[in-house]
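>>> Task: produce atomic coordinates for the following.
(chains A, B, C and D)
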Protein chains: 2
Amino acid sequence: MLSERQKKILRAVVDEYIVNAEPVGSRTVSKREDMGFSAATIRNEMADLEEMGFLEQPHTSAGRIPSQSGYRYYVDHLMVPERLKRSDLLAIRRLFTSQMDALEQTIQQTVSILSRITNYTSIMLGPELYDNKLKHLQVIPLNDRLAVAILVTDTGHVDQRQITVPEGVSLSSIEQTVNLLNTKLSGVPLYRLKRTVYKELFEELSRHVENYEYLLAMIDQMLASELESRVFTSGTTHILNQPEFKDVEKVKSLMELLEETETVTRLFTTRDTGVQIKIGYENHLEAVSHCSIVSASFLLDGRSLGTIGVLGPTRMDYQKVVSLLDVLTRDFSKHLRDLYK
Amino acid sequence: MLSERQKKILRAVVDEYIVNAEPVGSRTVSKREDMGFSAATIRNEMADLEEMGFLEQPHTSAGRIPSQSGYRYYVDHLMVPERLKRSDLLAIRRLFTSQMDALEQTIQQTVSILSRITNYTSIMLGPELYDNKLKHLQVIPLNDRLAVAILVTDTGHVDQRQITVPEGVSLSSIEQTVNLLNTKLSGVPLYRLKRTVYKELFEELSRHVENYEYLLAMIDQMLASELESRVFTSGTTHILNQPEFKDVEKVKSLMELLEETETVTRLFTTRDTGVQIKIGYENHLEAVSHCSIVSASFLLDGRSLGTIGVLGPTRMDYQKVVSLLDVLTRDFSKHLRDLYK
DNA sequence: CTTAGCACTCGAGTTATCGGAGTGCTAACA
DNA sequence: TGTTAGCACTCCGATAACTCGAGTGCTAAG
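A predicted model of the protein is given here:
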């Protein structure tokens, strides 16, 4: 257990280091407002804090920097979510009150504003579609062998796929069948679509079309791409401003990581509600061992629909990011509610 | 006019520098196969080549590196497009002979393979849609006030947009009108769509719907987004491997540039047919003053539909990139032809 | 328990040193 | 006249030596 003074000092060190990215010395700390102890006292305490593992020294006779546990303690017990700037708050509100755009556009704007305010790379996963309900299914022929299949969900998401009709199948028969599917499947959630088709429509279908397997495969494919996670990114270049990324190698490994959808999804997905913070090695990945990821889910009816988050150096402005994400997920959840109800 | 020997030497210097990224000395050149002159002779010639502006010295008593004009001369007169590796050629062929995917997917794969083979960042613009013909227009209502508008072209491109129906307009009237538009406008090229609507359908429309301006505006919006240039990128991180980008600042300015669709479009667009090479300052942009851009258009019926290109350091493997782009644009053009005819 | 004082440490930044690759020039040679 | 060997010279880049100062830990006094 830390004494009040130790907390105060740890807090000061982290705050200072977040701003300046340089080891913090005892003198610097002692000079802060309402600190009220001499450098020597601070030094003793700092030595203790180091022994406890909250601070570390890059080398003897340098100041201290927070260790990973130091950040963890700070994040768990010391920091106070920052009051957002009016202008930032306004910009966010405007995002969601402006005339409703297509969802994808709103998402892109959201991610973009988040990265602009924080100056970190920001990422959004989802929103997940798999309990969206089918609204409309349609095949539009382009020529004898080519057609476009379109799927619309009740939330207005559209997926399309070009299909080549194999020899021996007529486009008209496919159209016919799709029309049937369209009326029968309307309102069925996507995740149940496949099952419904197989179980309830199998018989009927085999009466209607000579080559129904083909159709089923097509629907399968569309669903697969529909349900796979979608990643939106913004502000990738911001990390280049951080002094911890003056080394090109680090930049490279991070950039490469950001291009792997799957890894990004894994890193950012959060099970809990509320803002989640993962610091350094807590991410279990070498490339982000000097990064922190702050993320939060947005909800619809208490269900997590997707995640929005920020990637930055462990020396991150947690106070700002946390309150920002808090507001953003709230507003985005509300936006989704407005949009779909 | 350069003597044969000078050409041979310039060629050797460029070739060597492209591989090693280090100033090339006279000894190195003289030791190359079928050079057959002593270092001293080479030195004299190199001094001349420098005077003519084709080579430069980073400092006295270092080897020579090609100047921008050096590269220009090399590209215009010296290089011999390289025979592609069988495996690369095969990979490309497979791209286009595999079962036809949606165009967007093929594009992404094309760009991706280009960057993988070259190890440079590669980019594709287009394909332009504006002489695509309208195939299908449809509005799918989601609820009382929200709907999705879908536009399909004869090439299978799908654009969709969520629309909010304003007070005082009924969704059914909009659907009705869109049906009318759908039959009347089918087969009209996109770039003539607007004019056609205004000129030929104005009267008819105003009879059918109380609030047709709204619809027109919607179509306008869709077209706008339809016609704006589309940029596909791959292998952004490859530039990080180039020694000329060990400095983070350069990386940053380039990355930021790559995020500006408009600039990228401007840089890569080529008027001419065939492969175009722009070296360093020929791009008229500080951020790419140490880069070369090699790009080529792909054609349908002799018309340029889009561009595919590569961004790398001026010290680029032009011989490889040029022949690669040559094959790629040919094959892609052919693919488009197959797809749409 | 706190703090002033002080010797000590160590890295960052600067300057000095050194080796070697590469040049330009000269003179000899074909 | 063109080519080449030889050689003195240049200059970069890597390495070592040096200095400076911020910051520490320890001690002893308040």
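
>>> right, and A:L10 touches A:R72 too?
No: counting by CB atoms under 8 Å, A:L10 does not reach A:R72; the two are 11.0 Å apart. All C-beta spots, glycine's among them, are computed from the backbone N, C-alpha and C.

>>> The one helix or strand A:I163 maps to pairs with which strands?
Assigned by DSSP states H and E, A:I163 belongs to strand A:158-164. In the sheet, strand A:158-164 lines up against strand A:146-153 (antiparallel) (DSSP bridges).

>>> on that earlier part again, any idea how far the strand holding A:I163 is from the chain center?
Relative to the centre of its chain, strand A:158-164 is centred 27 Å away, using CA atoms, centre = their mean, to the nearest Å.

>>> then that strand to PDB, C-alphas only?
Provided in PDB are the C-alpha atoms of strand A:158-164 (Å, rounded to 0.1, in the frame of the first residue of the first chain):
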ATOM      1  CA  VAL A 158     -25.500  -3.200 -47.900                       C
ATOM      2  CA  ASP A 159     -23.300  -6.000 -49.100                       C
ATOM      3  CA  GLN A 160     -22.800  -6.900 -52.700                       C
ATOM      4  CA  ARG A 161     -21.000  -9.500 -54.600                       C
ATOM      5  CA  GLN A 162     -20.500 -10.200 -58.300                       C
ATOM      6  CA  ILE A 163     -21.400 -13.700 -59.200                       C
ATOM      7  CA  THR A 164     -20.600 -15.700 -62.300                       C
END
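
>>> before we move on, back to that, neighbour-wise, which of A:L10 and A:R72 wins?
A:L10 (25 against 17; other CB atoms under 10 Å in any protein chain shown).

>>> Just the pLDDT for the spatially closest residue to A:E82 that is not a sequence neighbour.
Nearest-residue entry for A:E82: A:Q319, 4.1 Å, with adjacent residues in sequence omitted and distances by CB to CB, 6 or more residues apart in numbering or on different chains. Listed pLDDT for A:Q319 reads 97.

>>> A:Q319: helix or strand, and which one exactly?
For A:Q319, the host element (DSSP H and E) is helix A:318-340.

>>> Give me the buried positions along that helix.
A:318-325, A:327-329, A:331-333, A:335-336, A:339-340 (16 or more other CB atoms under 10 Å in any protein chain shown).

>>> mind showing which ranges of chain A have poor pLDDT?
Applying pLDDT under 70 to chain A picks out residues A:98-101, A:205, A:207-211, A:340-341.

>>> Would you mind listing what in it touches chain B?
Chain A has residues A:99-103, A:135-136, A:138, A:140, A:142, A:146, A:148, A:150, A:152, A:154-156, A:158, A:160-162, A:164, A:236-237, A:240-241, A:245-248, A:251-252, A:255-256, A:259, A:339 near chain B, with proximity defined as CB under 8 Å from any CB of the partner chain.

>>> Make sure I have this right: A:G312 is in a strand.
Yes: judged by DSSP: H, G, I helix; E, B strand; the rest coil, A:G312 forms part of a strand.

>>> Domain ranges for chain A, per the record?
Under automatic domain parsing, the residue ranges defining each domain of chain A are A:4-78, A:86-128+A:229-340, A:134-227.

>>> Out of those domains, flag the one nearest B:P313.
Closest of the domains of chain A to B:P313 is domain A:86-128+A:229-340, at 14.1 Å (criterion: CB to CB).

>>> Check whether the closest one comes near DNA strand C.
No: residues of domain A:86-128+A:229-340 contacting DNA strand C under CB under 7 Å from any atom of the strand: none, with a closest distance of 11.6 Å.

>>> so how far is that domain from its chain's centroid?
Distance, centroid of domain A:86-128+A:229-340 to centroid of chain: 4 Å (CA atoms, centre = their mean).

>>> ok, A:T270 touching A:A296?
Yes: using CB under 8 Å, A:T270 makes contact with A:A296 at a distance of 6.8 Å.

>>> what do the two both touch?
Shared contacts of A:T270 and A:A296, defined by CB atoms under 8 Å, 6 or more residues apart in numbering or on different chains, are found at A:276, A:307, A:309.

>>> The first one contacts A:I308, correct?
Okay, so that is A:Q276. No: taking contacts as CB under 8 Å, A:Q276 lies outside contact range of A:I308: 11.3 Å.

>>> Pull up the overlap in contacts between the two.
By CB under 8 Å, 6+ apart, the residues touching both A:Q276 and A:I308 are A:295-296.

>>> Could you check which of these two has the larger neighbour count?
The residue with more neighbours, out of A:Q276 and A:I308, is A:I308; 25 against 19, by other CB under 10 Å.

>>> Give the buried residues for the helix or strand hosting A:Q221.
Counting by DSSP H and E, the element that carries A:Q221 is helix A:212-227. When neighbours are counted by 16+ other CB under 10 Å, the buried residues of helix A:212-227 are found to be A:212, A:214-216, A:218-219, A:222-223, A:226.

>>> quick one, strands of chain A?
Here chain A has its strands, by DSSP state E, at A:55-56, A:65-66, A:121-125, A:134-141, A:146-153, A:158-164, A:231-234, A:275-279, A:291-300, A:303-313.

>>> would you turn those strands into a markdown table with distance to A:R94?
A markdown table is the format used below for the strands of chain A (distance: least, CB to CB, whole Å):
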| stretch | distance to A:R94 |
| --- | --- |
| strand A:55-56 | 42 |
| strand A:65-66 | 36 |
| strand A:121-125 | 18 |
| strand A:134-141 | 29 |
| strand A:146-153 | 27 |
| strand A:158-164 | 26 |
| strand A:231-234 | 17 |
| strand A:275-279 | 22 |
| strand A:291-300 | 18 |
| strand A:303-313 | 17 |
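
>>> from those strands, which stretch is densest packed?
strand A:121-125 (a mean of 27; mean count of other CB atoms under 10 Å in any protein chain shown).

>>> and the angle for that strand with helix A:318-340?
Put simply, strand A:121-125 runs at 30 degrees to helix A:318-340, going by axes from the mean of the first three to the mean of the last three CA atoms, to 10 degrees.

>>> pull the CA atoms of strand A:121-125 into PDB?
Provided in PDB are the C-alpha atoms of strand A:121-125 (Å, rounded to 0.1, in the frame of the first residue of the first chain):
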ATOM      1  CA  THR A 121      -3.700   6.200 -34.000                       C
ATOM      2  CA  SER A 122      -7.300   5.300 -33.500                       C
ATOM      3  CA  ILE A 123      -9.300   2.300 -34.600                       C
ATOM      4  CA  MET A 124     -12.800   1.100 -34.700                       C
ATOM      5  CA  LEU A 125     -14.100  -2.400 -34.900                       C
END
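
>>> what does that strand rub up against?
Against strand A:121-125 from outside (CB under 8 Å, 6+ apart): A:107, A:110-111, A:114-115, A:229-236, A:238-239, A:258, A:264-265, A:268-269, A:295, A:306-312.

>>> ok, now which ones touch A:V275?
A:294-296, A:322, A:325-326, A:329.

>>> need these in TSV with distance to DNA strand D, can you?
Shown next, in TSV, are those (distance: CB to the nearest atom of the strand, whole Å):
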residue	distance to DNA strand D
A:V294	28
A:S295	33
A:A296	35
A:V322	28
A:L325	32
A:D326	34
A:T329	38
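
>>> Give me the contact list for the strand holding A:I163.
With contact meaning CB under 8 Å, 6+ apart, strand A:158-164 is reached by A:139, A:145-152, A:218, A:221-222, A:225-226, B:99-103, B:148, B:150, B:156, B:158, B:160.

>>> and what of stretch A:195-202?
For stretch A:195-202, the external contacting residues (CB under 8 Å, 6+ apart) are A:180-181, A:184-185, A:188, A:205, A:216, A:219.

>>> How far does it sit from its chain's centre?
35 Å.

>>> If you count neighbours, what's buried in it?
Going by 16+ other CB under 10 Å, stretch A:195-202 has these buried residues: A:197, A:201.

>>> The spatially closest residue to A:D144 that is not a sequence neighbour and A:V178, how far apart?
Of all residues not flanking A:D144 in the chain, A:L171 sits nearest, at 6.9 Å (CB to CB, 6+ apart). Counting by CB to CB, to the nearest Å, the gap from A:L171 to A:V178 is 10 Å.
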